[in-house]
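Novice: Structure for this input, please:
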Amino acid sequence: MTDDLHASATATGGGALPRVSLGIVVGLIGLGAGAVVPTYFASDFMLRLGSEGLLLGLLALSVAFLMNQAGLVALGAASIYGGAGYLFAIGMSDWGLTPTAALCVAFLILLAYSAMLGALIVRTNPLAFMMLTLAAGEMISHAVLLEGLRDYTGGADGLVVRTTGTVLGIDAVRFADPAQFWSLAWVVTVLVGLAFWAIARSRLGAVLRAIRENEERMRFSGFNTFLPRLIGYVVVNIAAAIAGFLHVLNAGFVSPESLGLFVSTNTLVAALIGGISGSLGPILGGLIFSFAQDEFGARGLTQLLTGVAIVVFIVVFPRGVVGGLSGLLKRLGWRREAS
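Specialist: From the prediction side, this is the model:
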């Protein structure tokens with residue numbers, strides 16, 4: 001029987017290797033083309049809008065991953081996203097750190113905060129988890145407005161972030177260039193998406209999905225149901241922090257709005273538009289949302305048209321755009337086979 005399994009694996013592996021190699025080649029071409037091609041054809045304005053969409057998609061990806069794998073909705077992702085910018089700015093202006101040191105210190109603080117908060121809330125049921133992440137995010141967004149912290153946070157005016165020198169070996173000037181920042185944002189977003197794709201197919205992803213389906217059974221089977229969810233929560237917050245660092249480096253400004261419910265709501269909407277299963281959906285949802293907001297704003301009916309569009313998207317594509325199109329292609333394929 002062992003020989004049969006070995007022979008089967010060898011036969012399967014022989015055909016799988018070329019497919020994997022082809023997939024890697026296609027992926028690398030797509031990564032390079034996405035980073036370079038738009039910089040030749042799109043205007044600076046469109047590149048800036050696209051970069052905003054990528055960062056929103058990256059934030060939506062972190063929320064969608066936790067929803068899809070663990071069945072948990074984190075409504076406080078914006079507090080990590082905006083908090084990354086605030087800590088980076090404070091590290092340079094008040095703590096006298098270099099940009100790279102400020103970024104590293106801010107990242108470690110957010111990592112510790114995520115671990116401590118996660119340890120307190122991942123044991124709760126999904127509804128309580130959602131409300132607790134929302135409450136934690138709202139507390140932080142209001143804390144930056146306190147008069148006693150105004151010298152550090154800038155209060156309602158926010159903070160102007162002047163980055164000079166290099167950040168992780170990259171000249172700070174490049175973050176302000178629309179073409180160069182698009183390329184960077186594209187590569188980072190794709191790499192984070194691939195990381196989530198790999199995690200979803202790892203043992204951690206399988207355990208998270210099993211806990212989502214029946215936590216009590218997993219616990220009785222001898223599995224630790226606390227640690228996997230804590231790791232999952234910390235991982236998605238790392239992605240949110242990366243999006244926040246990229247945003248502040250590009251915009252050169254951080255405001256209380258980046259911490260609040262508005263950004264969290266937009267993130268959730270982007271995830272639902274694109275679809276929460278897989279890495280492509282949330283990223284595509286972020287791009288769609290960003291360009292749609294600009295178009296609706298030009299007509300002076302942002303809130304009305306946004307509301308209508310959200311309803312239409314969710315009704316027409318209940319599994320998101322990617323899920324809906326994938327299902328349509330499958331149905332068309334079945335019809336061809338049937339005919």
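
Novice: Strands along the stretch 151-300 of the chain, start to end?
Specialist: Counting by DSSP state E, counting those that start in this stretch, one finds strands in the stretch 151-300 of the chain at the ranges 159-160, 166-167, 170-171, 253-254.

Novice: the helices in the stretch 201-339 of the chain, which residues?
Specialist: 203-213, 215-220, 226-251, 261-274, 280-298, 302-316, 320-338 (DSSP state H, counting those that start in this stretch).

Novice: Run through the stretch 201-339 of the chain and note the low-pLDDT ranges.
Specialist: In the predicted model of the stretch 201-339 of the chain, residues 333-339 satisfy pLDDT under 70.

Novice: OK, contacts around Val73?
Specialist: With C-beta atoms under 8 Å, 6 or more residues apart in numbering as the criterion, the residues that contact Val73 are Val63, Leu66, Met67, Pro126, Phe129, Met130, Thr133, Leu268. Placement of C-beta: from N, CA and C, glycine included.

Novice: since we're on Asn214, how many residues are nearby?
Specialist: Counted by other C-beta atoms under 10 Å, the residues lying close to Asn214 total 11.

Novice: Angles on the backbone of it, please.
Specialist: Backbone torsions for Asn214, taken as degrees, to the nearest 10, come to phi -160, psi 90.

Novice: Likewise for Thr164?
Specialist: Here is the backbone geometry of Thr164 (degrees, to the nearest 10): phi -120, psi 160.

Novice: got the contact list for it?
Specialist: Thr164 sits in contact with Pro99, Ala172, where contact means C-beta under 8 Å, 6+ apart.

Novice: how close does it get to Thr98?
Specialist: Counting by C-beta to C-beta, to the nearest Å, the separation of Thr164 from Thr98 is 9 Å.

Novice: Next: Gly118.
Specialist: Distance of Gly118 to Thr98, given as C-beta to C-beta: 30 Å.

Novice: now Val234
Specialist: Val234 is 26 Å from Thr98, where distance means C-beta to C-beta.

Novice: Look at these two and report which has more neighbours.
Specialist: Neighbour comparison, Val234 and Thr98: the larger count goes to Val234, with 19 against 14 (by other C-beta under 10 Å).

Novice: Now that one: closest residue in space, sequence neighbours ignored.
Specialist: Excluding its sequence neighbours, the residue lying closest to Val234 (C-beta to C-beta, 6 or more residues apart in numbering) is Ser114, at 4.8 Å.

Novice: Quick one: list the elements packing against the helix or strand hosting the one you found.
Specialist: Under the criterion of DSSP states H and E, Ser114 resides in helix 99-121. On a contact count with 3 or more C-beta pairs under 8 Å, 6 or more residues apart in numbering; DSSP states H and E, helix 99-121 meets helix 77-93, helix 126-143, strand 166-167, helix 226-251.

Novice: ranking the ones you listed by burial, who's on top?
Specialist: With neighbours defined as mean count of other C-beta atoms under 10 Å, these peak in mean count at helix 77-93, which reaches a mean of 26.

Novice: angle of it against helix 261-274?
Specialist: With axes from the mean of the first three to the mean of the last three C-alpha atoms, to 10 degrees defining the directions, helix 77-93 sits at 130 degrees from helix 261-274.

Novice: Now do helix 77-93 against helix 126-143, angle only.
Specialist: Using the same axes, to 10 degrees: helix 77-93 against helix 126-143 is 30 degrees.

Novice: roughly how far out does helix 77-93 sit from the chain middle?
Specialist: Chain-centre distance of helix 77-93: 16 Å, with C-alpha atoms, centre = their mean, to the nearest Å.

Novice: go on, stretch 275-294?
Specialist: That offset, for stretch 275-294, works out to 10 Å (C-alpha atoms, centre = their mean).

Novice: now stretch 77-94
Specialist: 17 Å.

Novice: cool, stretch 183-193 as well?
Specialist: Mean C-alpha position of stretch 183-193 versus that of the full chain (C-alpha atoms, centre = their mean) differs by 11 Å.

Novice: Which residues in that stretch does the neighbour count mark as buried?
Specialist: Residues Ser183, Leu184, Ala185, Trp186, Val188, Thr189, Val190, Val192, Gly193 are the ones in stretch 183-193 that count as buried (16 or more other C-beta atoms under 10 Å).
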